[in-house]
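Chemist: sharing a model that was predicted from the sequence below.
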Amino acid sequence: MNMFKKGLAGLVAGLCMAGAAAAFPTSMITIIVPYPAGSTPDNLARTIAEKMHNELGQSVIVDNRPGASTFIGMRALLRAQPDGHTIAMTSLSTAVLNKLVFTSMPYDPERDFAPLANLGGAPFVLVVNPELGVKSVKELVDRARKEPGSINFASGGIGNSTHLLGEKLNAASGGNMTHVPFAGSAPALANLLGGHVQLYFDSANNAVPHIKAGKLVALAVTSDARMSVLPDVPTMAESGFPDFEMDAWFAISAPRQTPPEALNVLSKAVNAALSDEALRAQFAATGLILGKPGTPDEIKRFFAQEMSKWGEIVKPLNIRLDPN
């Protein structure tokens with residue numbers, strides 16, 4: 001009799017668990033975005049949120065938590081209930097660069113979070129001020145070698161992706177370029193447009209309007225193929241500089257202890273948005289390439305590959321930033 005009761009109890013518990021999993025989500029879903037409202041990642045998150053709402057039948061809202069090198073937003077995800085109803089937009093910075101360049105962090109991207117989907121991102125464009133007078137990456141590097149110290153490159157800050165790409169190109173020139181860091185991409189771009197610096201690796205979605213207006217000259221893109229929005233601009237590999245295939249990408253992650261059933265439901269909802277061809281074309285026209293639908297395990301492997309790729313750039317630079 002006891003065995004029968006135990007078996008019945010186990011069956012009931014199993015059915016309850018299955019019912020709970022099938023019922024997910026049971027309430028509103030919040031996407032924490034560690035970037036300001038109106039920014040590229042914010043706009044992307046809001047678009048994905050709308051598509052997820054249509055797929056899941058539950059409200060999906062965006063909660064902007066910018067500041068402190070994305071630490072504020074990621075700390076909020078760390079403290080969230082791991083039930084699948086709170087997720088966050090993660091990125092190249094939050095999942096890779098922060099761990100590589102900061103001496104300490106309030107979270108560990110591999111230990112604390114479970115990646116759900118790669119939303120895609122914007123390749124970088126190597127842009128120069130027209131007054132520099134160069135038309136190719138080779139011409140730029142040759143000038144830097146012949147005239148050491150005559151060319152400087154902007155970045156959005158030390159340890160920033162734009163800084164690391166600039167240093168990678170600088171190494172190819174024999175270290176003859178000068179780094180000029182700014183407090184963010186906006187002042188870096190403004191100083192490039194004003195002719196105070198000569199070159200900058202800007203994200204394509206930011207650079208395209210200025211390129212099309214003739215205010216900047218695009219020498220190459222860091223994508224693996226030419227971009228539809230900039231069909232006449234060669235890739236870095238075509239320009240003779242391989243190993244520059246890098247994007248400013250974004251992803252969706254959840255707290256590590258989130259139930260697998262919830263992770264799968266969320267992953268499928270995001271993948272449905274990424275499969276929308278009209279949406280893909282809409283973003284491609286702005287210089288942002290949506291990611292391909294994938295599984296959480298595939299995204300985890302992608303994160304590891306990115307850590308290795310960017311780590312090779314950071315290591316010789318010995319960048320160690322104090323988060324305080």
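Modeler: Noted; the coordinates are in hand.

Chemist: just confirm N206 contacts G184, I think it does.
Modeler: No. Using CB atoms under 8 Å, N206 makes no contact with G184, being 11.3 Å away. To be clear about C-beta, it is placed using only N, CA and C from the backbone, and glycine gets the same treatment.

Chemist: between the two, who's got more neighbours?
Modeler: When N206 and G184 are compared for neighbours, N206 comes out ahead with 21 against 14, by other CB atoms under 10 Å.

Chemist: name the element the more buried one belongs to?
Modeler: helix 204-212 (DSSP states H and E).

Chemist: okay, buried residues for that helix please.
Modeler: For helix 204-212, a neighbour-count test (16 or more other CB atoms under 10 Å) marks A204, N205, N206, A207, V208, H210, I211 as buried.

Chemist: now the first one, nearest residue through space, not along the chain?
Modeler: Nearest-residue entry for A204: G287, 3.3 Å, with adjacent residues in sequence omitted and distances by CB to CB, 6 or more residues apart in numbering.

Chemist: ok, that neighbour - how many residues close by?
Modeler: G287 - counted by other CB under 10 Å - has 25 other residues nearby.

Chemist: cool, G84 as well?
Modeler: 24.

Chemist: do the same with M227
Modeler: Counted with other CB under 10 Å, M227 comes out at 20.

Chemist: how about P242?
Modeler: With other CB under 10 Å as criterion, P242 counts 10.

Chemist: over to R301?
Modeler: Neighbours of R301 (other CB under 10 Å): 13.

Chemist: tell me which element it falls in.
Modeler: For R301, the host element (DSSP H and E) is helix 296-317.

Chemist: distance from the chain centre to that helix, please.
Modeler: 12 Å (CA atoms, centre = their mean, to the nearest Å).

Chemist: what does stretch 172-184 give?
Modeler: Remark: stretch 172-184 is offset 22 Å from the chain centroid, using CA atoms, centre = their mean.

Chemist: and that stretch, what's buried?
Modeler: A172, S173, N176, M177, T178, V180, P181, F182.

Chemist: ok, which stretches of the stretch 1-150 of the chain are strands?
Modeler: 29-33, 60-64, 86-91, 113-128 (DSSP state E, counting those that start in this stretch).

Chemist: mind listing what's buried in the second one?
Modeler: By neighbour count, and taking 16+ other CB under 10 Å as the criterion, the buried residues in strand 60-64 are V60, V62, N64.

Chemist: now render those residues as a markdown table, adding pLDDT and distance to G38.
Modeler: Shown next, in a markdown table, are the buried residues of strand 60-64 (pLDDT from 0 to 100; distance: CB to CB, whole Å):
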| residue | pLDDT | distance to G38 |
| --- | --- | --- |
| V60 | 98 | 19 |
| V62 | 99 | 11 |
| N64 | 98 | 9 |
